[in-house]
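Visitor: My questions concern the predicted model and sequence given below.
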Amino acid sequence: MQGVRIGQLLQSKKALITDLDGTLVDLRIDWDSLRERVRREMGWSHPLRPLGMSIPLAARNDEEIRRAFRIVEEEELRAASTAPLPGDMRGPLIGLRRVGLRIGLVTMQASRSAVLVLKRMDVLDLFDVVVTRDYSLNRWEQLEYAIKKLGVKGRECAFLGDMEWDIRAGKKLGCLTVVVGREIQGADLHAKSFEEALGVD
């Protein structure tokens, strides 16, 4: 469904939780090249799909896990520093807060890169909770934790993401699920962009 408007999307909801890369902002990371770099430098043959969740499976010990994630974080920080930013996000997010919604973010990015890009967008202070892979590599666990920290129930949340695991996690926790930028079967709603989902496109 396109042309979703904030009144429709958040009717009777108390919170909105969003993914970061691919949903709120496009960090333009070449994931295929990054996977290849990790495989090459670590001497692995694992396909590393999805990357973050696969690293502990491919690694032979904890030190390899740390080394691989350092490679990934280096690229994430570069992207967070240089990626083109979307238009004004502060206004729409302030609008959400003015109507009483709490706002959360979940991401498979490391904390440093997530905080960096949110600061560049001038919106970090508008999020009540930010949950990164430093807490968990499991999207369901991230989302469950964010919901708990926001003090609401899953059915009281709208969750915006761009991947199948976003939809599965949101559905499992009872959230209204919105796919941004693509269509994924099982989602409650679809929107071309974060801005469209909020009715400011």
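Guide: Good, I have the coordinates.
Visitor: Contacts for stretch 99-106 next, please.
Guide: Counting contacts by Cβ atoms under 8 Å, 6 or more residues apart in numbering, the residues outside stretch 99-106 that touch it are 10, 13-20, 24, 93, 96-97, 114, 118, 126-132, 139, 142-143, 146-147, 149-152. C-beta here means a position set from N, CA and C on the backbone, and glycine is covered the same way.
Visitor: Sort out for me which of those are in helices.
Guide: Within those, residues falling in helices by DSSP state H are 93, 96-97, 114, 118, 139, 142-143, 146-147, 149-150.
Visitor: just the buried members of those residues?
Guide: Applying a neighbour-count criterion of 16 or more other Cβ atoms under 10 Å, the buried members of these are 93, 96, 114, 118, 139, 142-143, 146-147, 150.
Visitor: Need the worst-confidence member of the residues you listed.
Guide: Across these, the member with the lowest pLDDT is Leu96, scoring 90.
Visitor: where's it relative to Phe159, distance?
Guide: Relative to Phe159, Leu96 is positioned 14 Å away (Cβ to Cβ, to the nearest Å).
Visitor: shouldn't Thr132 be in contact with Leu118?
Guide: No - using Cβ atoms under 8 Å, Thr132 and Leu118 do not qualify as a contacting pair, with a distance of 10.8 Å.
Visitor: so what sits against both of Leu96 and Phe159?
Guide: In the contact map built from Cβ under 8 Å, 6+ apart, the residues linked to both Leu96 and Phe159 are Leu16.
Visitor: Centre of the chain to the longest helix anywhere in the chain, how far?
Guide: Under DSSP H, the helix in the chain containing the largest number of residues is helix 62-82. Relative to the chain's own centre, helix 62-82 is displaced by 17 Å; criterion: Cα atoms, centre = their mean, to the nearest Å.
Visitor: Identify all contacting residues around it.
Guide: Applying Cβ under 8 Å, 6+ apart, the set of residues contacting helix 62-82 from outside is 27-29, 34, 37-38, 41-42, 51-52, 55-56, 58-59, 109-110, 112-114, 116-117, 120.
Visitor: likewise stretch 127-143?
Guide: Outside of stretch 127-143, the residues within contact range by Cβ under 8 Å, 6+ apart are 17, 52-53, 56, 102-111, 114-115, 118, 124, 145-146, 149-150, 159, 165-166, 168-170, 172-173, 175.
Visitor: What residue in this structure is the furthest from its centre?
Guide: Relative to the centre of the chain, the most outlying C-alpha is that of Gly43, 28.9 Å out, by Cα atoms, centre = their mean.
Visitor: So this protein: which segments form each domain?
Guide: Annotated domains of the chain cover 6-26+86-197, 31-82 [automatic domain parsing].
Visitor: quick one: contacts for Gly52?
Guide: Counting by Cβ under 8 Å, 6+ apart, Gly52 touches 72, 108, 133, 137.
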